[in-house]
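Asks: fold the following and give me the result.
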Amino acid sequence: MIEAHDLTKRYGAKTAVDGISFTIEPGTVTGFLGPNGAGKSTTMRMIVGLDRPTSGSVTVNGRAYAQHRSPLKEVGVLLDAKAVHTGRSARSHLRTMAATHGIPTKRVDEVIEMTGLADVAKKRVGGFSLGMGQRLGIASAMLGDPRTLILDEPVNGLDPEGVRWVRNLVRYLASEGRTVFLSSHLMSEMAQTADQLLVIGRGKIITAGPVQDVIDSVTGTLVRARSPRASELAELVRAAGGTVTSTEAGLLELHGVTAEQVGDTAAAHGIPLHELTPQRASLEEAYMSLTQDAVEYRSETTPVATQEGENR
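Replies: Below is the predicted model:
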């Protein structure tokens, strides 16, 4: 479990994180979303003691990170996959970490197999691709078999198979009762992976909750219904407090009611339905709406291609 209370971080006149409070529960995958500069990395760094809060507090599994006697066995962290000595092999890097934290060598072999690094374990990390570097970062985070995982952009640089592997891994770890807290800019992947969301902008929490609740709180519900008696159904939906639009004869778009309510209403009045489809907005659409006023770095125009060599 991760608990933050009035967590604040200032760098001179700039407030990077502004009095946020949250709880990340065990047994769930919690997605941490926000634009660049929103305070995500600073928050994660404060959780694991790399930055000291200006005020407020944050604990992991009931203690500040620095108070844990064996931090790697409590918290697995991936914040910067490049923070590895490039002259070492993957196995050497992991063995060094294990030796300094009292972790058995057999665990090194386990995480190498788990992360698909067996074929490159003896190769120098400096020659790794971005995706292999991410796998090594995840292996390092899993080395202590921790109860809590904090992963910053864990799918960065991974191919589709690797992305699916991370998704399955974190969901499996959460099913074991562990706490999984991860950030990503891939909204479609976060929608499939996360149970809960924490959305931050300009250092403040914008919203938090189950993924679908966050989406619905922004976009509402929309139901498509097709019927030869569409006008009668439209009147009944309006009487129930819903709103109705129609783009073609016999087809209705209904707001403010659920598909179940529409189906029950139609059945009660003997109205045949040829289509009844709940429409869900995407997480990306909800995220863009939530963060539209919190984006620090915005492109106002689409770049135009220039002649070869013009920008060199």
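
Asks: quick one: the strands in this structure, in order.
Replies: For the chain, the strands defined by DSSP state E occupy 2-11, 14-24, 28-33, 55-60, 75-78, 148-152, 179-183, 196-201, 204-210, 222-226, 243-248, 251-255, 275-279.

Asks: so where is the stretch 101-250 of the chain shaky, pLDDT-wise?
Replies: 220 (pLDDT under 70).

Asks: please repeat the previous calculation with a cut-off of 90.
Replies: Flagging of the stretch 101-250 of the chain using pLDDT under 90 yields the residue ranges 101, 125-133, 155-159, 161-162, 184-189, 212-222, 241, 247.

Asks: residue ranges of the helices in it, please?
Replies: Listed in chain order, the helices of the stretch 101-250 of the chain (DSSP state H, counting those that start in this stretch) span 105-114, 130-142, 160-175, 187-193, 211-219, 230-239.

Asks: list the buried ones in the second one?
Replies: Neighbour-count burial for helix 130-142, with 16 or more other CB atoms under 10 Å as criterion, is recorded at 131-142. The C-beta positions use only the backbone N, C-alpha and C, and glycine is treated the same way.

Asks: please apply the same query to the third one.
Replies: Judged by neighbour count using 16+ other CB under 10 Å, the buried positions of helix 160-175 are 162-163, 165-167, 169-171, 173-174.

Asks: what's that helix packed up against?
Replies: Contacting helix 160-175 under the criterion 3 or more CB pairs under 8 Å, 6 or more residues apart in numbering; DSSP states H and E are the following elements: strand 28-33, helix 130-142, strand 148-152, strand 179-183, helix 187-193.

Asks: the last one too?
Replies: For helix 230-239, the contact count by 3+ CB pairs under 8 Å, 6+ apart identifies strand 243-248, strand 251-255, helix 259-268 as packing neighbours.

Asks: these: which one's closest to Met190?
Replies: In this view, the helices and strands packed on helix 230-239 are compared for proximity to Met190 by CB to CB, and helix 259-268 is the closest at 24.9 Å.

Asks: could I get the helices and strands packed on helix 230-239 as TSV with distance to Val199?
Replies: Conversion of the helices and strands packed on helix 230-239 to TSV gives the following (distance: least, CB to CB, whole Å):
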stretch	distance to Val199
strand 243-248	27
strand 251-255	24
helix 259-268	27
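
Asks: can you put these in TSV and add mean neighbour count and distance to Thr59?
Replies: Output for these, formatted as TSV (neighbours: other CB atoms under 10 Å; distance: least, CB to CB, whole Å):
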stretch	mean neighbour count	distance to Thr59
strand 243-248	12	46
strand 251-255	18	43
helix 259-268	15	42
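
Asks: and of those, who's closest to Leu149?
Replies: Between Leu149 and the helices and strands packed on helix 230-239, the shortest separation by CB to CB is 36.3 Å, and it involves helix 259-268.

Asks: list the helices and strands that closest one packs on?
Replies: In this structure, helix 259-268 packs against strand 222-226, helix 230-239, strand 275-279, with contacts taken as 3+ CB pairs under 8 Å, 6+ apart.

Asks: can you name the residues in contact with that helix?
Replies: With contacts defined as CB atoms under 8 Å, 6 or more residues apart in numbering, helix 259-268 is touched by 223, 225, 227, 233, 236-237, 240, 254, 271-273, 276-278.

Asks: out of those, which are buried?
Replies: Neighbour counting by 16+ other CB under 10 Å classes 223, 225, 227, 233, 236-237, 254, 271, 273, 276 among the contacts of helix 259-268 as buried.

Asks: could I get those in JSON lines, plus columns for distance to Val48?
Replies: Formatted as JSON lines, the entries for those read as follows, by distance: CB to CB, whole Å:
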{"residue": "Val223", "distance to Val48": "45"}
{"residue": "Ala225", "distance to Val48": "50"}
{"residue": "Ser227", "distance to Val48": "56"}
{"residue": "Leu233", "distance to Val48": "55"}
{"residue": "Leu236", "distance to Val48": "56"}
{"residue": "Val237", "distance to Val48": "51"}
{"residue": "Leu254", "distance to Val48": "47"}
{"residue": "Ile271", "distance to Val48": "58"}
{"residue": "Leu273", "distance to Val48": "53"}
{"residue": "Leu276", "distance to Val48": "48"}
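
Asks: closest one of these to Thr28?
Replies: So of these, ranked by how close each gets to Thr28 (CB to CB), first place is Val223, at 29.0 Å.

Asks: how about the nearest residue to that closest one, chain neighbours excluded?
Replies: Leu254 (4.4 Å; CB to CB, 6 or more residues apart in numbering).

Asks: likewise for Ala98?
Replies: Take Ala98 and drop its neighbours on the chain: the residue closest to it by CB to CB, 6+ apart is Val108, 5.4 Å away.

Asks: could you report the neighbour count for the one you found?
Replies: Neighbour count for Val108, taken as other CB atoms under 10 Å: 23.

Asks: against Gln134, how distant is it?
Replies: 18 Å (CB to CB, to the nearest Å).
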